[in-house]
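Q: coords below, sequence missing:
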């Protein structure tokens, strides 16, 4: 599958229920009434993904003050997420989507090209979802460094 559709601002966020590093059955519905930063990343313990997770963790209190929760999502296993969280003292909930179902619903499972090779993989991307479950901002392509601060600034502008 090479086609993907990224949900647009103003559309309801696709519902999900996935297991996380700290608990099972984490769903979007759990956070009704709160802002949700949902970010998709390729792989635990890789340089860019570590920077992104650490930067979101460092800003967690500021997000919390704005009634927001941060959820990271990748295809990695719960065990991998738990090791990643422990190794880097991460303060964000990491969700596991090994079957790529939620990744596909958000258009984050895409055809990628690297050194002339094509393959399906996770495109680093982020969605800012309002307290009623509607997408307010999207970042379909993200550079890890500095992204958490960019999302925080966007949230401040909306709150």
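A: Perfect, I can see it now. Just so we're clear, the structure is a prediction, and the values are computed from it rather than from any experiment.

Q: so the residue most central in space within the chain, which state does it fall into?
A: The centroid of the chain falls nearest to residue 39 when counting by Cα atoms, centre = their mean (1.5 Å). Using DSSP: H, G, I helix; E, B strand; the rest coil, the structure places residue 39 in strand.

Q: the closest residue to it other than its chain neighbours and residue 108: what is the separation?
A: Nearest residue to residue 39, sequence neighbours excluded (Cβ to Cβ, 6 or more residues apart in numbering): residue 126, at 4.3 Å. Heads up, the C-betas are built off the backbone N, CA and C, glycines and all. Residue 126 sits 9 Å away from residue 108 when distances are taken as Cβ to Cβ, to the nearest Å.

Q: okay, and the common contacts of these two?
A: Listed as contacting both residue 126 and residue 108 by Cβ atoms under 8 Å, 6 or more residues apart in numbering are residue 40.

Q: ok, the nearest residue to residue 29 once chain neighbours are set aside - contacts?
A: Closest residue in space to residue 29, ignoring its immediate chain neighbours: residue 15 at 6.9 Å, by Cβ to Cβ, 6+ apart. Contacts of residue 15 were listed using Cβ under 8 Å, 6+ apart, and they are 27, 28, 29.

Q: list the contacts for residue 64?
A: Not one residue lies near residue 64 by Cβ under 8 Å, 6+ apart.

Q: you'd agree it is in a helix?
A: Yes: under three-state DSSP, residue 64 falls within a helix.

Q: mind listing the strands for this structure?
A: 17-18, 26-27, 35-40, 68-74, 93-96, 109-114, 117-122, 125-129, 135-139 (DSSP state E).

Q: thank you, goodbye.
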